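> the sequence isn't on hand, but the structure is:
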């Protein structure tokens, strides 16, 4: 019986780890979308004046995208490394 509880615990931990990582990925994706919006607005404003976008807001948005993209790559690597538990392990054949 304790073996069954260990298996259930393993599945619960694996699920919690996977969900936690996915939430972190979604958060980083939202940061990227927001940064793209900022870049688009800055680009539009600069283009209306016949210039290229530049300045600290533009630089911050670019840096945010680069950092979030790297975090997403790292998180996906971690997610892939989470050990999977086979649900068939719970089935006992007599």
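On my side now, so go ahead. Model, not experiment: these values are computed from the prediction.

> other SSEs contacting the helix or strand of the chain with the lowest mean pLDDT?
Considering only helices and strands, the least confidently modelled element of the chain by mean pLDDT, DSSP states H and E is helix 2-48, at a mean of 90. Packed against helix 2-48 by the contact rule (3 or more C-beta pairs under 8 Å, 6 or more residues apart in numbering; DSSP states H and E) you find helix 56-81. C-beta here means a position set from N, CA and C on the backbone, and glycine is covered the same way.

> what distance do you get for the spatially most central residue of the chain to residue 19?
Nearest to the mean C-alpha position of the chain, counting by C-alpha atoms, centre = their mean, stands residue 25 at 1.0 Å. Computed as C-beta to C-beta, to the nearest Å, the residue 25 to residue 19 distance reads 11 Å.

> please apply the same query to residue 73.
Per C-beta to C-beta, residue 73 is found 19 Å from residue 19.

> what is the burial count for residue 75?
Counted with other C-beta atoms under 10 Å, residues neighbouring residue 75 total 19.

> OK, contacts around it?
21, 24-25, 28 (C-beta atoms under 8 Å, 6 or more residues apart in numbering).

> which secondary structure state does residue 84 sit in?
What DSSP: H, G, I helix; E, B strand; the rest coil gives for residue 84 is coil.

> now residue 17. Nearest residue, chain neighbours left out?
residue 82 (4.8 Å; C-beta to C-beta, 6 or more residues apart in numbering).

> isn't that neighbour up against residue 11?
No: with contact defined as C-beta atoms under 8 Å, residue 82 does not reach residue 11; the gap is 11.4 Å.

> could you check how far the spatially closest residue to residue 55 that is not a sequence neighbour is from residue 61?
Distances taken as C-beta to C-beta, 6+ apart put residue 42 closest to residue 55, at 7.4 Å, once the chain neighbours are dropped. The spacing between residue 42 and residue 61, counted by C-beta to C-beta, is 7 Å.

> show me which of these two is the more surrounded one.
Each of residue 42 and residue 61 has its neighbours counted (other C-beta under 10 Å); residue 61 has more, 22 against 17.
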